[in-house]
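[1] Please work out how this folds:
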Amino acid sequence: MISSLTASVNGLVTLASTAINERDTQKLAATRAELTQKVIEVQSKVLSQVGMISDMLTEREELKERIRELEQQLRYRESYRLVSVGTGFCYEFKQVADVTEGSEAEASHFVCQPCLDVRRQKVVLTFSRGRYDCSECKASVRV
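    Numbering: from 1, shown residues only. Next up is the predicted model:
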């Protein structure tokens, strides 16, 4: 009888232990599923941030290029000075004293003020019959 009681108690303990293990396994599976979902959310946010960083780097390079262009335009503009000529204004090329070896000095010339200011392009004025004319915007400055 005692052995039968012991066997029954041992069976009950085994059953309780199995039930507890099963409950722990289910809890662990639920925790793993929740953890997996959190990892997926974090990965999604990281990918979004990587995309934003990539866009920012592209924009940064574009802005650096734009700065280089503007600096080049500024250096170009600094080689001219606005002068009053007759009835209007135009830009006159500033002669540069120190021409590097192997390069040629640029000839003195006038550039259309509206074209350089508004359209940002250099249009050399032609002189004929007492006036400078622009071939692009048709502006005319009488001397």
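[2] Residue 84 falls within a strand, correct?
    Yes: Residue 84 sits within a strand when classified using DSSP: H, G, I helix; E, B strand; the rest coil.
[3] Give me the neighbour count for it.
    9 (other CB atoms under 10 Å). Every C-beta, even on glycine, is put in place using the N, C-alpha and C of the backbone.
[4] Now do residue 142 against residue 131, distance only.
    Per CB to CB, to the nearest Å, residue 142 is found 5 Å from residue 131.
[5] which residues do those two both contact?
    Jointly contacting residue 142 and residue 131 under the rule CB atoms under 8 Å, 6 or more residues apart in numbering are residue 86.
[6] For the host helix or strand of residue 34, which helices and strands make contact with it?
    Taking DSSP states H and E as the definition, one finds residue 34 inside helix 2-77. Helix 2-77 sits against no helix or strand, with contacts defined as 3 or more CB pairs under 8 Å, 6 or more residues apart in numbering; DSSP states H and E.
[7] Give me the phi and psi for the residue nearest to residue 85 when sequence neighbours are not counted.
    Using CB to CB, 6 or more residues apart in numbering and skipping the chain neighbours, the partner closest in space to residue 85 is residue 141 (5.4 Å). When read as degrees, to the nearest 10, the backbone of residue 141 gives phi -120, psi 120.
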